[in-house]
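Asks: return atomic coordinates for the entry below.
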Amino acid sequence: MKVICSWCRGEGRSGFVGEKAPLDDMRETHSICLEHETAVRARWVAHGPRIGFYAASTDNVRHLAWQTRRVVLSALQLGVDLKDWASKAR
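Replies: Below you'll find the model as predicted:
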């Protein structure tokens with residue numbers, strides 16, 4: 001398979017990075033070249049720790065944890081309700 005850099009392709013360049021197995025397969029798969037990987041990493045470092053889910057403040061993490069808990073509990077309750085409804089429908 002041909003490995004193509006998606007970023008290079010977006011800029012109108014060929015973006016050929018290399019090949020990977022299976023070598024007889026002529027389809028393309030996408031990756032990122034060293035030049036664009038370096039640029040992306042430099043932007044991450046330049047923007048500091050505010051970018052990304054894992055660098056969230058503790059208040060945000062607590063809020064997200066509470067939201068996740070509410071969603072999971074709602075899904076569990078929906079499952080129980082559907083099971084009860086299905087048993088009554090029989």
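Asks: from here on, contacts and neighbour counts on C-alpha atoms
Replies: Noted.
Asks: just the strands in the protein please.
Replies: 2-5, 16-19, 28-31 (DSSP state E).
Asks: and the first one, which strands flank it?
Replies: It stands for strand 2-5. strand 16-19 (antiparallel), strand 28-31 (parallel) (DSSP bridges).
Asks: got these as TSV, with distance to Trp66 columns?
Replies: Formatted as TSV, the strands paired with strand 2-5 follow (distance: least, C-alpha to C-alpha, whole Å):
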stretch	distance to Trp66
strand 16-19	43
strand 28-31	36
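Asks: could those go into a markdown table alongside distance to Ala42 and mean neighbour count?
Replies: A markdown table is the format used below for these (distance: least, C-alpha to C-alpha, whole Å; neighbours: other C-alpha atoms under 10 Å):
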| stretch | distance to Ala42 | mean neighbour count |
| --- | --- | --- |
| strand 16-19 | 20 | 15 |
| strand 28-31 | 18 | 15 |
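Asks: nearest to Ser87, out of these?
Replies: Across these, Ser87 has its closest neighbour in strand 28-31 (48.1 Å, C-alpha to C-alpha).
Asks: follow-up on the earlier one: tabulate the strands paired with strand 2-5 (TSV), appending distance to Ala65 and mean pLDDT.
Replies: Formatted as TSV, the strands paired with strand 2-5 follow (distance: least, C-alpha to C-alpha, whole Å; pLDDT from 0 to 100):
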stretch	distance to Ala65	mean pLDDT
strand 16-19	40	91
strand 28-31	33	90
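Asks: relative to Leu82, which of the ones you listed is closest?
Replies: So among the strands paired with strand 2-5, strand 28-31 is nearest, using C-alpha to C-alpha, at 42.2 Å.
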